[in-house]
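*Asks:* My questions are about this predicted structure, shown below with the sequence.
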Amino acid sequence: MSNQGNPLADLGVSRETIERLEQFVELLKKWNPAINLVSNGTLGDAWSRHIIDSAQLYRLAGPTVGRWVDLGSGGGFPGLVIACIAAELSPGMDVVLVESDLRKATFLRQAARQLGLATRVVAERVENLPPLAADIVSARALAPLATLCALSVSHLVQNGTALFLKGSNFRSEVEQAAQDWRFDLEVIPSVTEPSAAILKLKGLVHVRSNPTKAAPDYCSCKPEGWGRKDHNCN
């Protein structure tokens, strides 16, 4: 883990929330052999690879979130982790998990019930849903950024925010997405993997495809400098 710290410690969650997350990890290990929720190779380090990796999104969302929609929730990352944290810190938040795989949706419902969470699970393809009016849309290991933009845009409220966990190839995904989408982008380094990042998008708008359009500028000296007009590395 990077020296940016543990997001759970930074959030100041209680021992009860930590225990709820630990119970979630045990449920994950119990169900994983049957329906392959996560790679078996990551189960031994599930706390860092999945819990902490997901929890880092919570503090990026801002203080007032009415509805958080997690797309392609799979084994519950990041959505069910967010729901565990919100149960303590934002009990009024409506967390919605969208997962089209019926087996995984069943796991999510069972896990939410056993963890005492009022989380909604929607077993449907994202593109088939009516607008969900989300303040935050999140996704992890679901699709390329351009596809995530297309899946998210109808579900975000005006001034809504998208938070996407991405691996080391995020730069090329941004360049590709910029051909068809306009957005304000902030790149936040991941606390669990130095080469990975969280892409924070606001003002998401579809534009006509233009192969000659320049992608947001990126300066390698400061990941958060991507697309910011006031950034100067000189």
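*Replies:* All right, it came through fine. Numbering: from 1, shown residues only.

*Asks:* hey, let's count contacts and neighbours off CA atoms from now on
*Replies:* OK.

*Asks:* Could you list every helix and strand in contact with the one helix or strand V69 maps to?
*Replies:* Secondary structure from DSSP states H and E places V69 in strand 67-71. Other elements packing on strand 67-71 under the criterion 3 or more Cα pairs under 8 Å, 6 or more residues apart in numbering; DSSP states H and E are strand 94-98, strand 134-140.

*Asks:* Same list (the ones you listed) but as CSV, adding mean pLDDT.
*Replies:* Listed next are the helices and strands packed on strand 67-71 as CSV, based on pLDDT from 0 to 100:
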stretch, mean pLDDT
strand 94-98, 98
strand 134-140, 97
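
*Asks:* For L201, find the nearest of those.
*Replies:* Of all the helices and strands packed on strand 67-71, strand 134-140 sits nearest to L201, with 9.7 Å by Cα to Cα.

*Asks:* on that earlier part again, can you tell me the average pLDDT over the strand holding V69?
*Replies:* Strand 67-71 carries an average pLDDT of 98.

*Asks:* Next: stretch 198-208.
*Replies:* 95.

*Asks:* which of the residues in it are buried?
*Replies:* Neighbour-count burial for stretch 198-208 flags 198-204, 206 (criterion: 16 or more other Cα atoms under 10 Å).

*Asks:* how much space is there between I35 and T106?
*Replies:* Using Cα to Cα, to the nearest Å, I35 is found at 10 Å from T106.

*Asks:* Mind checking which of these two has more residues around it?
*Replies:* More crowded of I35 and T106, by other Cα atoms under 10 Å: T106, with 14 against 11.

*Asks:* Let me know the pLDDT of the more buried one.
*Replies:* Looking at T106, its pLDDT stands at 97.

*Asks:* Confirm it sits in a strand?
*Replies:* No - T106 is assigned helix when assessed by DSSP: H, G, I helix; E, B strand; the rest coil, not a strand.

*Asks:* roughly how far apart are it and W31?
*Replies:* Applying Cα to Cα to T106 and W31 gives a distance of 11 Å.

*Asks:* which residue sits closest to R140, ignoring its sequence neighbours?
*Replies:* Of all residues not flanking R140 in the chain, L165 sits nearest, at 5.1 Å (Cα to Cα, 6 or more residues apart in numbering).
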